[in-house]
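Peer 1: Sharing a model prediction with you, sequence too.
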Amino acid sequence: MRRILVVELLGGFGDVLLALPAIHALARSHPAAELTVLTFTPGDVLLAHDPLVARVVATSDHTDGVPRTVVEAELDAAERAGRAYDLVVTTTTYDGIGELCAARAPRAVTNLWRSPPVDELIDRRFVRLLVEDGLVDPRFVDEPPTVTLTETEWSAARDRLPNFSPSDHLSGGQRARSSPVVLVPGSGMRVKEWPAERWVALAARAAAGGHPVLTAGAAGSEPVPGTTLLPPGSLRELAANLAVVGEAGGVVVGGDTGPVRLATAVGARAVALFGPTVAGRYGLDPRSGSSLQGLPGCEVRRPLAISEQECWWSARCPLTGDAPACLADLPVDRVAAVVLASRVHPEASP
């Protein structure tokens, strides 16, 4: 096998991270092959400097019909150059993309979503199915999600976050001497967000123990009261910042969002709060994170058809008419216990 194309056009950069173990397992199983990934921006930048990915093709256009056109154009270009793909693996089947890939490659995998159970992590399942299909060596079935950073990126992030010792009113103006907690309160979807007052309470718990508490957010956004805004920047700068958090023994906590998943891919511990989505499928790799499910018995939840779930398409919780009941089911005490237990306490520097 000489050339492999992986098509990942589901949406956010969190979807790229879900596919990453499969991408790496394919590359490791076929070390002589050139592996290309076709995906959306901004997730494409997470594959920059990845030693297992030879090439990345990216599009920012989500308009109906355009993603398929981009896939077709890539297949056409490869054939014209005499470098047709021997294998195409796609996580994406909408708009006939699955059929297109199957028709244009000698070998194609277009059914990675087939017959999913409710209690198998999606990223693990992708790899396992490729093993069953004979395309991944079983030695790589436990491939972790890993984003590669350069030494320059590490160095710049260490300069941005020199000591994780911000002074604020929650710690009485004293310099914290322990590993950091990074809060990720936003998600882009109201039904995936923990109540604002609980973030404030969680920040107070961590700060009371002498821990620096930061909020990850866009430039100009307001941090959780009593916390410091994590230096904003590009997606790769965020990845490097979170890597330094991990290096300091810190933990990242937030909803079912890309930044929380990204933290685990750069070596930080993470705690994810799951509401509408099912932790059994979308949860973090337990080797690097904890996944807390709110309201496990929710009668509205559709574990195998999230896009058909009422709260998902209506952007409101049908049980409360507003804020998500599932996330309200996660009390501060429970979240704080897991967050603080997830922390590694490095020796204090003089």
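Peer 2: In hand now; what should we look at?

Peer 1: Give the burial count for residue 117, as a bare number.
Peer 2: Residue 117 has 10 neighbours, counted by other Cβ atoms under 10 Å. No exception for glycine: its C-beta is placed from N, CA and C like everyone else's.

Peer 1: Tell me the confidence at it?
Peer 2: We have a pLDDT of 92 for residue 117.

Peer 1: got it, and residue 312?
Peer 2: For residue 312, the pLDDT comes out at 89.

Peer 1: What of the one 4 residues further on?
Peer 2: Note for residue 316: predicted pLDDT of 90.

Peer 1: ok, the residue lying closest to it once chain neighbours are set aside to residue 328 distance?
Peer 2: Counting by Cβ to Cβ, 6 or more residues apart in numbering, residue 316 lies nearest to residue 322, which is 6.3 Å off, once chain neighbours are set aside. The span separating residue 322 from residue 328 equals 10 Å under the rule Cβ to Cβ, to the nearest Å.

Peer 1: who's more crowded, these two?
Peer 2: Counting neighbours by other Cβ under 10 Å for residue 322 and for residue 328 shows that residue 328 has the greater number, 17 against 10.

Peer 1: What separation is there between the more buried one and residue 320?
Peer 2: Spatial separation of residue 328 from residue 320 under the definition Cβ to Cβ is 8 Å.

Peer 1: what do these two both touch?
Peer 2: Shared contacts of residue 328 and residue 320, defined by Cβ atoms under 8 Å, 6 or more residues apart in numbering, are absent.

Peer 1: My guess is residue 256 contacts residue 277. True?
Peer 2: Yes - under the criterion of Cβ atoms under 8 Å, residue 256 is in contact with residue 277, at a separation of 4.9 Å.

Peer 1: so what sits against both of those two?
Peer 2: When contacts are counted by Cβ under 8 Å, 6+ apart, residue 256 and residue 277 have residue 192 as shared neighbours.

Peer 1: Which positions in stretch 212-222 come out as buried?
Peer 2: Neighbour-count burial for stretch 212-222, with 16 or more other Cβ atoms under 10 Å as criterion, is recorded at 212-217.

Peer 1: Between these, which sits nearest residue 77?
Peer 2: Each of the buried residues of stretch 212-222 was scored against residue 77 by Cβ to Cβ, and residue 216 proved nearest at 37.7 Å.

Peer 1: give me every residue that touches the closest one.
Peer 2: Neighbouring residues of residue 216 by Cβ under 8 Å, 6+ apart: 182-184, 230, 238, 241-242, 252, 254, 259.

Peer 1: go on, residue 108?
Peer 2: For residue 108, the set of contacting residues under the criterion of Cβ under 8 Å, 6+ apart consists of 87-90, 101-102.

Peer 1: Over to residue 90?
Peer 2: Contacts for residue 90 (Cβ under 8 Å, 6+ apart) come out as 6-9, 71, 97-98, 101, 108-110, 112.

Peer 1: did I read that right, residue 5 in a strand?
Peer 2: Yes - judged by DSSP: H, G, I helix; E, B strand; the rest coil, residue 5 forms part of a strand.

Peer 1: so how far is residue 24 from it?
Peer 2: The gap separating residue 5 from residue 24 is 15 Å, by Cβ to Cβ.

Peer 1: Could you check which of these two is surrounded by more residues?
Peer 2: Regarding residue 5 and residue 24, a neighbour count based on other Cβ under 10 Å identifies residue 5 as having more, with 26 against 22.

Peer 1: quick revisit: state the three-state secondary structure for the residue nearest to residue 316.
Peer 2: Going by three-state DSSP, the secondary structure assigned to residue 322 is coil.

Peer 1: and if you look at the one 4 residues further on?
Peer 2: Three-state call for residue 326 (three-state DSSP): helix.

Peer 1: That one against residue 299, yeah?
Peer 2: No - here residue 326 does not reach residue 299: they are 11.0 Å apart, not a contact under Cβ under 8 Å.

Peer 1: Okay, now the unreliable bits of the chain?
Peer 2: Filtered on pLDDT under 70, the chain yields the residue ranges 163-177, 342-350.

Peer 1: Run through the neighbouring helices and strands of the longest helix anywhere in the chain.
Peer 2: Taking residue count as the measure and DSSP state H as the definition, the longest helix of the chain comes out as helix 13-29. In terms of contacts (3 or more Cβ pairs under 8 Å, 6 or more residues apart in numbering; DSSP states H and E), helix 13-29 is packed against strand 3-8, strand 34-40, helix 122-132, helix 258-265.

Peer 1: Can you say which of these is nearest to residue 290?
Peer 2: Proximity to residue 290 (Cβ to Cβ) singles out helix 258-265 among the helices and strands packed on helix 13-29, at 10.3 Å.

Peer 1: Fine by me, we can end here.
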